[in-house]
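Chemist: 3D model of this:
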Amino acid sequence: MSWFDLAGRNLISEVDWTREEYDIAMKVTDQLKGAYYSRKPHRTLEDKTFAMLFFAGSTRTRMSFETGMTQLGGHAQFLNPSTMRMSLEDKPGAGETVKDTAKAMARFCDGIGIRLLDDGIDRYGYADEVMQKFGEHAEVPVINMASDINHPCQSLTDIYTMHEKLGGDVKGKKIVVMWAYTPWIRGLCSVQGTALISSMYGMDVVVAHPPEYDMDPNVMQQCRDLAKASDGQFTVENDLDKALEGATVVFPRNWFTMDRYQIGKEKEHEIALKYKDWCYTAEKQALTDPGYLLQCMPVDRGHEAMPDVCDNDRSWIYDQAENRLHTQKAIMTLTMGGRL
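Modeler: All right, here's what the predicted structure looks like:
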């Protein structure tokens, strides 16, 4: 395995890459972030194009990928699928197939990013199926910019931020991935992805949630397997105060139940209302040690985390948001064959 081996590779699930490959991505991130702050040109992808399919809206994802490609000397092309003739249904009369779209797009660009999740689909797992199909047929790297199951770009950012803030050693540090109330009804990808990559790096990972909010059992088994291989720990806890005791890092974020697409958003909110006290407050932070706030944003201030926790000196949210730019530049450089 070498840096060169990541050229042409997809990144759809966190487990598509090994820990050693993420280590490479973090080394490249350091170099690119250093070049950014020293104002040194780093046009690793000059004249290359990254096509971005946004089935779902975004702030940080679109801005960081577009800005990143500009800084790398290339071009990020925003594509709104509603204006295309593609259909996600592979049947006569529905529209152009994913296969034909992917193969044609690969003739025009050097990489493809896809964001498809939550209200853009009608069953859990469907977005991942679409991305896997793109990955099968496109002859350029396919990058998951958030799906219903995984969010590897955010996950790399989170582990990079923790390494950066904790002095380069996260093994054995306790991170609590905490369900939190909001009426927004969020998907699972960010919290599952961070649980996966934290387990891969040997952290003490605790997923804390009310009884109704079990995550994807396949992903949870992957976390257990990764924790075992890395000599870390992975546990699930329904008692929030117990989960938070001694935590180094806390990631408070809402996610919906595994029945969301069967019961609908209204019923989802009814369930969530029973747990409005699941909020990362100053009182909850006092249980931790020191309980740095990791939150991929947007954060529902006053619900998921209180404003004083978002804005105190133990909040990493803005540095974490910025790191999306640097880590994604590393991903694009490595997968699209760039050179530093």
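Chemist: Only alpha carbons, please: show stretch 262-280 as PDB.
Modeler: Provided in PDB are the C-alpha atoms of stretch 262-280 (Å, rounded to 0.1, in the frame of the first residue of the first chain):
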ATOM      1  CA  GLN A 262     -42.300   3.500   7.600                       C
ATOM      2  CA  ILE A 263     -43.800   5.800  10.200                       C
ATOM      3  CA  GLY A 264     -43.100   9.300   8.700                       C
ATOM      4  CA  LYS A 265     -41.600  12.500  10.000                       C
ATOM      5  CA  GLU A 266     -44.700  13.500  12.100                       C
ATOM      6  CA  LYS A 267     -44.500  10.300  14.200                       C
ATOM      7  CA  GLU A 268     -40.700  10.600  14.400                       C
ATOM      8  CA  HIS A 269     -41.100  14.000  16.000                       C
ATOM      9  CA  GLU A 270     -43.700  12.600  18.500                       C
ATOM     10  CA  ILE A 271     -41.100  10.100  19.600                       C
ATOM     11  CA  ALA A 272     -38.400  12.700  19.800                       C
ATOM     12  CA  LEU A 273     -40.500  15.000  22.000                       C
ATOM     13  CA  LYS A 274     -40.300  12.500  24.800                       C
ATOM     14  CA  TYR A 275     -36.500  13.300  25.100                       C
ATOM     15  CA  LYS A 276     -36.300  17.100  24.900                       C
ATOM     16  CA  ASP A 277     -33.900  16.900  27.900                       C
ATOM     17  CA  TRP A 278     -31.300  15.200  25.700                       C
ATOM     18  CA  CYS A 279     -29.300  18.400  25.100                       C
ATOM     19  CA  TYR A 280     -25.600  19.100  25.600                       C
END
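Chemist: pLDDT (mean, whole number) over it?
Modeler: Regarding stretch 262-280, the rounded mean pLDDT is 97.
Chemist: One more: stretch 128-139?
Modeler: Averaged over stretch 128-139, pLDDT sits at 96.
Chemist: now stretch 65-72
Modeler: Stretch 65-72 comes out with an average pLDDT of 98.
Chemist: And for stretch 75-82?
Modeler: Taken as a whole, stretch 75-82 has an average pLDDT of 93.
Chemist: which of the residues in it are buried?
Modeler: Neighbour counts over stretch 75-82 (16 or more other CB atoms under 10 Å) mark 75-77, 79, 81 as buried. Bear in mind the C-beta positions are built from the backbone N, C-alpha and C, glycine included.
Chemist: Give the other helices and strands that the helix or strand hosting Ala127 contacts.
Modeler: Taking DSSP states H and E as the criterion, Ala127 maps to helix 126-137. Here helix 126-137 touches helix 98-108, strand 111-115, strand 142-144, going by 3 or more CB pairs under 8 Å, 6 or more residues apart in numbering; DSSP states H and E.
Chemist: Show me the contact partners of the first one.
Modeler: This points to helix 98-108. With contacts defined as CB atoms under 8 Å, 6 or more residues apart in numbering, helix 98-108 is touched by 49, 51, 84, 86, 88, 90, 112, 130, 133-134, 136-140.
Chemist: Check the offset of the helix or strand hosting Ala229 from the chain's centre.
Modeler: Using DSSP H and E, Ala229 maps to helix 217-230. A distance of 17 Å separates the centroid of the chain from that of helix 217-230, by CA atoms, centre = their mean, to the nearest Å.
Chemist: list the helices and strands that helix packs on?
Modeler: Looks like helix 217-230 contacts helix 189-200, strand 204-208, strand 233-237 (3+ CB pairs under 8 Å, 6+ apart).
Chemist: and Met220, how many neighbours does it have?
Modeler: Close neighbours of Met220, defined as other CB atoms under 10 Å, add up to 18.
Chemist: if we can go back for a sec, for my notes, please list the buried residues of stretch 75-82 in TSV and give secondary structure for each entry.
Modeler: Formatted as TSV, those follow (DSSP: H, G, I helix; E, B strand; the rest coil):
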residue	secondary structure
His75	strand
Ala76	strand
Gln77	strand
Leu79	strand
Pro81	helix
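Chemist: so which two of the residues you listed are the farthest from each other?
Modeler: His75 and Pro81 (19.1 Å; CB to CB).
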